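In: Build me a model:
(one chain, ligands or ions: 1)
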Amino acid sequence: MLKVIKKREKELDNMKNLVLYAPPAAGKGTICELLKKDFNYNVLSIGQVLRNQRNPETEVGRAIIESQDKGVLTPDDIVLKALKEELAKFEGKAIIIEGYPRNIEQAKMLDTIFDNYIVVNLSVERELAKKRTLGRVNCPKCNKIYNVYFQELSPKNGEICDVCGSKLNIRSDDNEESFNVRYDVYEQNAPAILDYYNNKGILYVVDSKSSDYVYNQIEPLIKNA
Ligand SMILES: [Zn+2]
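Out: Okay, the predicted model is just below:
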């Protein structure tokens, strides 16, 4: 038994760092949770990084507050500094960066503070991503997730939750316009970013057909790469 545990610890030590790059609704969150649970990954989601570093007592923190209060994107150099601070908390541990880079400049900047990583690009076509996003419905009571655009994920009795019988609000919070903006941003930036990582020989493209499928594709890459 002891032997097995030791082997497992060794394995965890050798995990590759990972940059998860994907359009909206590609299932990044689910994959991050699975890798965190199974391999002890530390997930640095860029939104969370900025929230953690938002602090009136530091220069970086003040710059984050200023841009967020104005409702503009936080400048690339500030995001990089914030990320560097967060990375320092996990020195020597396996990391997943999610939600970053957003553009080719950020991709190049990341190489000044991060190494020993591979990039997994989860691919999902716009129409499918749109259905996943706009059709999503949560039960307000038990939190069961449905999707009205997919028969196997739809509630069986109209607007009533299968599990707890509560009335579902089938109007999605996500609107089409905001989805399109997010997907457009991705599409504009993806070619240069993917090219950059492909030329470095560290890019793996995985079709985001299901979380099981994606997990099975990623697992051998992070262990052996
Ligand atoms: Zn319910």
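In: start to end distance for stretch 83-92?
Out: Using Cα to Cα, to the nearest Å, one end of stretch 83-92 lies 15 Å from the other.
In: wait, I meant stretch 102-115
Out: 18 Å.
In: starting at the chain centroid, how far to that stretch?
Out: 16 Å (Cα atoms, centre = their mean, to the nearest Å).
In: Just give me the neighbour total for residue 93.
Out: Residues within reach of residue 93, counting by other Cβ atoms under 10 Å, total 14. For the C-beta atoms, the positions are set from N, CA and C on the backbone; glycine is no exception.
In: Touching, it and residue 42? I think so.
Out: Yes. Assessed by Cβ atoms under 8 Å, residue 93 is found in contact with residue 42 at 5.4 Å.
In: ok, now which ones touch residue 114?
Out: 17, 83, 87, 95, 97 (Cβ atoms under 8 Å, 6 or more residues apart in numbering).
In: Closest to the ion out of those residues?
Out: residue 97 (34.2 Å; Cβ to the ion).
In: gap between the closest one and residue 150?
Out: Applying Cβ to Cβ, to the nearest Å, the value for residue 97 to residue 150 is 30 Å.
In: for residue 113, same thing?
Out: When residue 113 is compared with residue 150 (using Cβ to Cβ), they lie 40 Å apart.
In: Mind picking the two most distant members of the contacts of residue 114?
Out: Farthest pair in these (Cβ to Cβ) is 17 and 83. Separation: 12.7 Å.
In: so what's in contact with these two at the same time?
Out: Joint contacts of residue 17 and residue 83 (Cβ under 8 Å, 6+ apart) are 97, 114.
In: between the two, who's got more neighbours?
Out: residue 83 (24 against 21).
In: Check whether that one really touches residue 47, as I assumed.
Out: No. Taking contacts as Cβ under 8 Å, residue 83 lies outside contact range of residue 47: 11.7 Å.
In: related to what we said a few turns ago, between the contacts of residue 114, which is nearest residue 125?
Out: When those are compared against residue 125 (criterion: Cβ to Cβ), the nearest one is residue 97, at 24.1 Å.
In: For this protein, which residues score under the pLDDT cut-off?
Out: 1-13, 171-174, 224-225 (pLDDT under 70).
In: Sheet partners, orientation included, of whichever strand in it runs longest?
Out: If you go by DSSP state E, the chain has its longest strand at strand 117-123. Partner strands and pairing direction for strand 117-123 (DSSP bridges) are strand 17-21 (parallel), strand 203-207 (parallel).
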